[in-house]
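Engineer: Here is a sequence together with a model predicted from it:
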Amino acid sequence: RSVIHKAMAKVQKIFESPLPLNFLNPSESHEVYYQSFLRSNLGKIYQSIPWAEMVKTLDLSSSKVGRKSYFSPQGQLALMFLKHYARCSDAQLIEQLNANLHYQFFCGVSIAPDAPLENFKLLSKIRCKLADRLDIDKVQQVLAKYWRPHLDQTHSILIDATCYESSVRYPTDIKLLWESVSWLYGLLVAGSKACKQRLPRTTFTKWEVRMQDYRKQRKPRKKVRRQLNRGLLHLLGKLIDLTDQLEKKHGWGRLPRELARRDTIKKVFDQQWGKFFEGKKIHQRIVSLDKPYLRPIVRGKEKKPVEFGAKVNKIQVDGISFIQKLSFEAFNEGTCLKDTVVMAQKYFGKVRSVGADRIYATNANRKYLTESTIQTNFKRKGKAGKFEDQRRVLAKMIGKERATKLEGSFGNEKQRYMLSKIKARTKKTEILWIFFGIHTANALEIGRRIQTKNLQKEAA
C-alpha cells in the first residue's frame, strides 16, 4: 500500500497540470478506495448493520422472473439507510450515487461513468416494497441482538415520546374546504365532458375570485372567516350531490383513487358541518386530503402547541434508540411504561433503572416498578425511606441522563437524518421513513464504537 501512495500524490491539481490523472490499475484502486470507504462514517454504518439477518427478516429476495433488478436485496436496504445519511431528494441521491464510489460500495453496485442511472423513481418503488414488509418489532430484535455486545448499560433504560411531523401545510377549516371544493369541481368538469352532458350550474367561479381576495388579506376578521366557512360548506354539499348523481347516471368517478378521495371529502364535509352548524366536537379529525390518516397531536409546546404527524414512544439503551409504539392517533405515553419495560427485557434482559418524565409517574406505574425492584427518577411520594440520600443521588443521575442523551437524540435525528418533516406520501412509507431515520443514527453510533474497539485492539 505504501507503494501505491507513493505513486499517487495526495492531491492532484487537474486544471493546472498538463498531465492526465494518474489512475492505478483496477485491483489496486479497488483496495485503496474500499479501505477509504471503511474508514469513513458511511463505512462505519455499513459495518454496524446485520445485512443478511435483516434481508431474511424482511423476506427480500431477487426475483427469478422478469427484468433483473439493479440492486440486490441488501442494496435495496442500503439505499434506505443512504437516503437518511445523505439527506437529499431521490433525484439528488441517484445523481450522487452515479459519481460517488463510497455510495456505490455501500449499495453494492458499480455504475459505469458512461451509463449512469437516471430513473430516480426506483427509490420510491423500493420504499413502497419495503414498507409493505416492515415489521418494526422483528427487525429491531435483529438489530438489538447484533448491537448488544457494543452496549454497556443495558440494565438502564430511558423513555420519552416525541412527534415526527409530516410535510403538510398548516391546516385550517377554510383551506381544507376550498381544497375539497376545487378537487370535486375538477372531477365534475372532467366527468361532464367525458359523458357529453352540460356542466351543471355552480357558483365556483365566483368563489374562486372570492378566495383570491381572501388570500391577500393579512389577518381576516372572524366575521369574514365565518362567512367563507358557511358558504364553502353549502357549495361543497352541492358538489357532492352533483358528483353522486353523475356516478349513478354514467358510472363516472369510480377509479380507486377517486373513490378514496371522495370518501375522504365526504368525511370532511360531515365533520365540518357538524362543527359549524351543530357545535359538535370532531373525533378523528381529518387535516389533509392527501393524508387522511394524520391527526392533530397536542404537544403543549410554547412555539408548537399542535403538531401533525406520527407520535412515537421511544426507549433508549446506552444511547441507542428503539421504537416502542408508533401511532398517528394521539395517545397518552404514560400508559406505555409497562410495555416499554417488557420490551427492553425481551431485547436486553433485566431492567434495574428507568428514566422518564412526570407524565409516566402514575400510581399504577409506580406500583409496577416498585414490585419489579426498578429504580426511577420520579419525585418521591410519602415518607422518606432509609436510603433517601442515595435514592436522591441516583434519581438526579438518571434524570440528567434522560434530559441530555434522550432529549438530545430527538434533535439529532430531526436535524441530521431527515426526520424534521417526513416527506413520504403514504402511511406505510412514513413509518418506514421514521424507522430508517432513527436506526441510521443508531448505526453510525454503533459503527464508531466498533472502530474504537478495533483501534484499541490494534494498539494493544
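Structural biologist: That came through, no problem. No experiment lies behind these values; they were computed from the predicted model shown.
Engineer: now the strands for the chain?
Structural biologist: 156-165, 296-298, 306-317, 320-327, 353-355, 375-376 (DSSP state E).
Engineer: tell me which residues in the longest helix along the chain are buried?
Structural biologist: Longest helix of the chain, by residue count under DSSP state H: helix 427-459. Residues of helix 427-459 classed as buried by neighbour count (16 or more other CB atoms under 10 Å): 427-447, 449-451. Heads up, the C-betas are built off the backbone N, CA and C, glycines and all.
Engineer: for that helix, packing partners?
Structural biologist: When contacts are defined as 3 or more CB pairs under 8 Å, 6 or more residues apart in numbering; DSSP states H and E, helix 427-459 sits against helix 41-47, helix 73-86, helix 121-133, helix 136-147, strand 306-317, strand 320-327, helix 407-416.
Engineer: what inclination does the last one have with respect to strand 320-327?
Structural biologist: Orientation note: helix 407-416 sits at an angle of 80 degrees relative to strand 320-327 (axes from the mean of the first three to the mean of the last three CA atoms, to 10 degrees).
Engineer: mean confidence for helix 407-416?
Structural biologist: Per-residue pLDDT over helix 407-416 has a mean of 90.
Engineer: quick one: it to helix 427-459, angle?
Structural biologist: 110 degrees.
Engineer: can you check the fourth one too?
Structural biologist: Between the axes of helix 136-147 and helix 427-459, defined by the same axes, to 10 degrees, the angle is 0 degrees.
Engineer: From I320, how far out is the nearest residue to H150 once chain neighbours are set aside?
Structural biologist: Counting by CB to CB, 6 or more residues apart in numbering, R449 is the residue found nearest to H150 once chain neighbours are left out, at 4.8 Å. Going from R449 to I320 by CB to CB, to the nearest Å gives 10 Å.
Engineer: ditto for N442
Structural biologist: Per CB to CB, N442 is found 5 Å from I320.
Engineer: can you list residues touching both of these two?
Structural biologist: Residues touching both N442 and I320 by CB atoms under 8 Å, 6 or more residues apart in numbering: W147.
Engineer: circling back to that earlier point, and the average pLDDT for the longest helix of the chain is what?
Structural biologist: 94.
Engineer: if we can go back for a sec, can you say which of the strands of the chain is nearest to A115?
Structural biologist: strand 156-165 (37.6 Å; CB to CB).
Engineer: what's the angle from the closest one to helix 407-416?
Structural biologist: Going by the same axes, to 10 degrees, strand 156-165 makes 30 degrees with helix 407-416.
Engineer: Can you get me the centre-to-centre distance for strand 156-165 and its chain?
Structural biologist: Averaging C-alpha positions (CA atoms, centre = their mean, to the nearest Å) puts strand 156-165 14 Å from its chain's average.
Engineer: how close does M343 get to L326?
Structural biologist: Counting by CB to CB, the gap from M343 to L326 is 13 Å.
Engineer: For N41, find the nearest of the strands of the chain.
Structural biologist: Nearest to N41, of all the strands of the chain, is strand 320-327, at 16.6 Å by CB to CB.
Engineer: now the angle from the closest one to strand 306-317?
Structural biologist: 140 degrees.
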